[in-house]
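# What follows is a predicted protein model with its sequence.
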Amino acid sequence: QVQLVESGGGTVQPGASLRLSCAVSGLTFSRYAMGWFRQVPGKERECVAATAWRGSAIYADSVKGRFAISRDNVENAVYLQMNTLKPEDTAVYYCAATARSTGSYHSRDYDYWGQGTQVTVSS
């Protein structure tokens, strides 16, 4: 049974940092590209970052220079370091796994999803 469990969300002030974690089990983690998505009510889920098997990454323009995705193929985990957070970063954040070797911006390319963790940026 494949499980993706996110953690690390919360409420922070603008300019603060958060680090999201996603623990993965039930699949050969090193053979899956991983992505972080976010969604706000009434909008489509959007990819903020994704990492390939070997760690090369892609980012949404809105988070380049502020967010960093990383993975640990020993701990079977993927992380999203979020710096200089803005109110528009408020969303539910999901991690996702795809059997592709490289990350994708498209949610349809992902096979497994976590349950999400809420991030709220507010003063």
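Noted; the coordinates are in hand. Residues are numbered from 1 along each chain as shown.

# Check whether residue 88 sits in a helix, strand or coil.
Taking DSSP: H, G, I helix; E, B strand; the rest coil as the rule, one finds residue 88 in the helix state.

# i'd like the first residue to be 10 from this point on
Shifting the count to begin at 10 puts that one at residue 97.

# ok, now which ones touch it?
With contacts defined as C-beta atoms under 8 Å, 6 or more residues apart in numbering, residue 97 is in contact with 71, 130. C-beta here means a position set from N, CA and C on the backbone, and glycine is covered the same way.

# quick one: residue 31 and residue 84 touch, right?
No: using C-beta atoms under 8 Å, residue 31 makes no contact with residue 84, being 10.7 Å away.

# what about the two, which has more around it?
residue 31 (25 against 12; other C-beta atoms under 10 Å).

# Name all residues that make contact with residue 48.
Taking C-beta under 8 Å, 6+ apart, one finds 54, 55, 100, 101, 103, 125 in contact with residue 48.

# now those in CSV, with neighbour count, secondary structure and distance to residue 23?
Converted to CSV, the contacts of residue 48 look like this (neighbours: other C-beta atoms under 10 Å; DSSP: H, G, I helix; E, B strand; the rest coil; distance: C-beta to C-beta, whole Å):
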residue, neighbour count, secondary structure, distance to residue 23
54, 17, coil, 23
55, 15, strand, 20
100, 22, strand, 15
101, 18, strand, 19
103, 24, strand, 23
125, 18, coil, 22
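
# quick one: which of these is nearest residue 40?
residue 103 (20.3 Å; C-beta to C-beta).
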